[in-house]
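Asks: my questions are about this predicted structure, shown below with the sequence.
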Amino acid sequence: MLATIGKRLLTVIPTLIGVVIVTFLLTRALPGDPAAYFAGPAATKEAIEQVRKNLGLDKPLPEQFVRYVRDLARGDLGNSLSTGRPVTTEIVSRLPASAELTLLGLIVSMAIAVPLGILAAVKQGSWIDHTCRVVATAGVSLPVFFTGLLLVYVFYYILGWSPSPIGRLDAFASAPTQITGFFLIDSLVTGNLEVFRSALAQLILPVVTLAIFSLAPIARMTRASMLAVLASEFVRTARASGLDSRTVIITYAFRNAMLPVVTTLGMVFSFLLGANVLVEKVFAWPGIGSYAVEALLQSDFAPVQGFVLTMAVLYVVLNLVIDILYGVIDPRVRLEG
Amino acid sequence: MLKGPTPEVDTGEALPLLDVRDLTVEFQTRRGVVTAVRHVNISLAKGETLGIVGESGSGKSVTSYAVMRILDRAGRIADGSVMFSNLDLRQIDESDMRDLRGREMSMIFQSPRLALNPIRKIGHQIEDVLLQHAQADKDVVADKAVEMLEQVRIARPRERYHAYPFELSGGMCQRVVIALALACRPQLLIADEPTTGLDVTTQKAVMDLVTELTRERGMSTILITHDLGLAAAYCDKVIVMEKGHVVETAKAETIFRNPQHAYTRKLMRATPRPGIGLRDLLPEEEAARAGAIGAAAAGSAAPLLKVEKLVKEYPRQGAATSLSRLFKSGPTPEGDVFRAVDGISFEIARGESVGLVGESGCGKSTTSMMLMRLIDKTSGTITFDGEDIGAIPARDFATLPQRRRIQMVFQDPTDSLNPRFTAARAIADPLLRLSDIPRKDLRARIEELATQVGLPLELLDRFPHQLSGGQKARVGIARAIALKPDLVVLDEPTAALDVSVQAVVLNLLQDLKDKLGMSYLFVSHDLNVVRLLCDRVIVMKSGQIVEQGLTARVMDAPQAEYTRDLLAAIPHPPI
């Protein structure tokens, strides 16, 4: 198993090299002149040239690339032009916020979608099947900013059940000591229940927003995959040997149906991570999505570069986790590894 | 003096274990209700073995699913009664039925590998059944499962307990399925085509095992099969079904000696067996119309195809992968390769048909793929009409003119046709790609080919799913002969067909060969079929040729031990 993971990690190296090259070229291809932006609207031509020189943007591309890689090796992603703060620190502090939100959204979504999909497949054509279809279609057809605003309107403005949708904690709580960066976990570890409650209250609405959006692919994939497996011959054998429906559905059918579901989960997770920019905007969430968009709008290439690189690494790690999960579920994959 | 049995014993004997009366099964389909089984009566006594024989669509499997009440959701028992001992299986609750399944009545299925959960250890699958029916406590259940594996003659059962289905051969998987079915000592075993797709020697081993175990336990068995020979060899009583009806019920010996129903006679005629000719498979009137078969080709001086010391090696699984080879250079060690084909030599003359026979894994498919130039050889030569085509990389061969001269008919007539192509388009495919036939003549040529293979012209614009198995086979053959090839490789072309369709297709192949003067390489595991169509036979085992010679000589006086084993394993109907 360890050898398999090791081998799998080796194949990641070329991917990462490719990602580094592509991010570098991509940010250089962005429209807008960072030097002009940084120098300000009133700057003279000479001032802009001076800024360009300071930023190293006057050097030929290969030289810029070498410098970029050298900095990267030291963990230096450069400084943001607009805030002046190092990109690495920004990302390290903002990534856990995004990750906590996305992960929780995915977990909630899974907790609803997987059982719903199984039930829909087992009782194909019943009311539960139709409910599953309606819920999933509705969820995916409402844009996240709309669901988010609707939830804020109903639960904060009208009902007043939810705290004000600004940031990860309410104004009176202070962030727990950073351990994982996940407020829920950190506050529990340090035993600070007050902060835990506050963080959870802030999380509920954005998490529900994301969960509603990601219900559809997971529920539909679970249903389709379960239907295929339920029609297969080994399920017939299981039924013909009198196994009870629980064993047939869970041990025999669902474990086999999980493989495509796991693949879908990986895809849903990665696209949620990138696409929760809007949710972060609506809930004033200090995540990396909103950070990257602001930087992009200002032609601030270092944060964009850092963001793309982080996402790529996350994606690679995610795929690795999925591959390992595959091996755990399916013995046939283990052999080929 | 009153002799004879007491009343209780008497009723006990009169009461059959399974009594099916007037069973009618319907399926709800998009085109309305289809009746798959009509008014079927089956009576099975304790310890009796019953064969249900019929071709696809005869309703033989549906009957058994109805008895077990495992029809899929579209199917339902519309009429009739199913009595098991004294239980009315149509009336009892699903939970009671579930208790009966596996404990009192169980099933073994076709394609054993698919019948097992692919990601669960086989030992655990047997345990599931034992625990479900409370046949063992949790602490001894593992031992009981190992014991079951031992009873179905699986070597090293304790080790195999931890195996997954994909790690076992087809025959072994079927043994596991049998262990699963017999674990709770049921009274009734339904075997649905238990040996279809298995090699003939494996088939014999599996059937002997089933017979022995069921006889030992005094079980009743229903054997569902399309193979009359198999039913005759292993059953007391045989039921013949056609299109949902039972057409004949009789003792196994009498049904073969004296078949009453026309359909039974047709089925029997179509079953390949020793001592008959190809025309004898067809119904009498068609056989008369078909006329005599052309004489076997005289062995001309230069063979069409000459294979010398052909070898194909594959890297062993788990051996050095491309990645680790990247880091560790050096030659591959000897133990890392598997010789699928191990230095074989043979010839095929013009107009000759040669049978290539062997069990799965013997290298016959690899050989035919190399001759077809679909994969590259490791060493040796393949000389086709004086030219070493073995030297041409498989990748380049598809576009060369030689491609036209070697064509292939594939095993599965459904999978080998593009589902989005009409029959006409499928036949036109090689013409469009490899010949310079003018567009205006294309349709005429397609119709000519369809006529040659006996495909009605009005079917040409249908898609594969609108054609029957036999019609699809004809499309496949028409496609293969479209370019007037010299050599056609036939890869088990009738394995997926019913016997009556097989009879027609085999005769068609023979007629085409006589008319067009092609050579055939007929790859098959069925010696009786090879006997009918081939002039010479090559028997392969473990990548090597163990015997080759004229068909009659090899079949009637086999030299090699292995050929004798193969011939002995074929079940013979008592005719």
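Replies: Yep, it's here.

Asks: from now on I want contacts and neighbour counts done on CA atoms only, so please keep to that.
Replies: Will do.

Asks: remind me which helix or strand A:Ile179 belongs to.
Replies: In this structure, A:Ile179 sits in neither a helix nor a strand according to DSSP states H and E.

Asks: how many neighbours does it have?
Replies: For A:Ile179, the neighbour count with other CA atoms under 10 Å in any protein chain shown is 12.

Asks: quick check: it touching A:Leu188?
Replies: No. Between A:Ile179 and A:Leu188 no contact is recorded; they are 10.8 Å apart, counting by CA atoms under 8 Å.

Asks: where does the prediction get shaky in chain A?
Replies: Scanning chain A for pLDDT under 70 picks out A:1, A:32, A:171, A:274-275, A:334-337.

Asks: please redo it, this time with the cut-off set to 50
Replies: Applying pLDDT under 50 to the predicted model, the residue ranges of chain A that meet it are A:337.

Asks: which helix of it spans the most residues?
Replies: Of all segments of type helix in chain A, defined using DSSP state H, the longest is helix A:193-230.

Asks: buried residues, it. List them.
Replies: A:195-199, A:201-203, A:205-227, A:229-230 (16 or more other CA atoms under 10 Å in any protein chain shown).

Asks: tell me what it is packed against?
Replies: On a contact count with 3 or more CA pairs under 8 Å, 6 or more residues apart in numbering or on different chains; DSSP states H and E, helix A:193-230 meets helix A:87-122, helix A:127-141, helix A:144-151, helix A:183-189, helix A:255-275, helix A:277-282.

Asks: tabulate the ones you listed (JSON lines), appending distance to B:Ala478.
Replies: Formatted as JSON lines, the entries for those read as follows, by distance: least, CA to CA, whole Å:
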{"stretch": "helix A:87-122", "distance to B:Ala478": "42"}
{"stretch": "helix A:127-141", "distance to B:Ala478": "46"}
{"stretch": "helix A:144-151", "distance to B:Ala478": "57"}
{"stretch": "helix A:183-189", "distance to B:Ala478": "69"}
{"stretch": "helix A:255-275", "distance to B:Ala478": "39"}
{"stretch": "helix A:277-282", "distance to B:Ala478": "59"}
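
Asks: what does stretch A:64-71 rub up against?
Replies: Under the criterion CA atoms under 8 Å, 6 or more residues apart in numbering or on different chains, residues A:24, A:56-57, A:77-78 lie in contact with stretch A:64-71.

Asks: do the same with stretch A:158-175
Replies: Applying CA under 8 Å, 6+ apart, the contact partners of stretch A:158-175 are A:97, A:152, A:154-156, A:183, A:194-195, A:198-199, A:201-203, A:205, A:282-286.

Asks: mind giving me the ChimeraX select for the contacts of stretch A:64-71, buried ones only?
Replies: Restricted to the buried members of these, where burial is judged by 16+ other CA under 10 Å, the ChimeraX selection command reads as follows:
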select /A:24,57,77,78
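
Asks: including secondary structure, could the contacts of stretch A:64-71 go into a markdown table?
Replies: As requested, these are exported to a markdown table (DSSP: H, G, I helix; E, B strand; the rest coil):
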| residue | secondary structure |
| --- | --- |
| A:Phe24 | helix |
| A:Gly56 | coil |
| A:Leu57 | coil |
| A:Leu77 | coil |
| A:Gly78 | coil |
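
Asks: which of the contacts of stretch A:64-71 sit farthest apart?
Replies: Put simply, by CA to CA the two of the contacts of stretch A:64-71 set farthest apart are A:Leu57 and A:Leu77, 15.4 Å from each other.

Asks: on that earlier part again, helix A:255-275 and the longest helix of chain A, what's the angle between them?
Replies: 130 degrees (axes from the mean of the first three to the mean of the last three CA atoms, to 10 degrees).

Asks: what helices and strands are in contact with the helix or strand following helix A:193-230?
Replies: Using DSSP H and E, the helix or strand that follows helix A:193-230 in sequence is helix A:233-240. Secondary-structure packing of helix A:233-240 (3+ CA pairs under 8 Å, 6+ apart): strand B:105-108, helix B:112-115.

Asks: now with 6 Å, please.
Replies: The elements that helix A:233-240 packs onto, with contact taken as 3 or more CA pairs under 6 Å, 6 or more residues apart in numbering or on different chains; DSSP states H and E, are helix B:112-115.

Asks: now check the helix it packs on, is it near chain A?
Replies: Yes. Interface with chain A: helix B:112-115 contributes B:114-115 (CA under 6 Å from any CA of the partner chain).

Asks: buried sites along the helix or strand following that helix?
Replies: Past helix B:112-115, further along toward the C-terminus, the next helix or strand under DSSP H and E is helix B:122-132. Within helix B:122-132, the residues that qualify as buried are B:122-130, B:132, counting by 16+ other CA under 10 Å.

Asks: got TSV for these, with distance to A:Ala240 and pLDDT too?
Replies: Listed next are those as TSV, based on distance: CA to CA, whole Å; pLDDT from 0 to 100:
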residue	distance to A:Ala240	pLDDT
B:Ile122	16	92
B:Gly123	18	92
B:His124	17	92
B:Gln125	13	93
B:Ile126	13	92
B:Glu127	15	92
B:Asp128	13	91
B:Val129	10	91
B:Leu130	13	91
B:Gln132	12	90
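
Asks: around A:Ala3, how many other residues sit close by?
Replies: By the measure other CA under 10 Å, the count of residues near A:Ala3 is 9.

Asks: now do the same for B:Leu323: its pLDDT.
Replies: pLDDT, the model's per-residue confidence, is 46 for B:Leu323.

Asks: likewise B:Cys362?
Replies: Model confidence at B:Cys362, given as pLDDT, is 86.

Asks: pretty sure it sits in a strand.
Replies: No. Judged by three-state DSSP, B:Cys362 forms no part of a strand; its state is coil.
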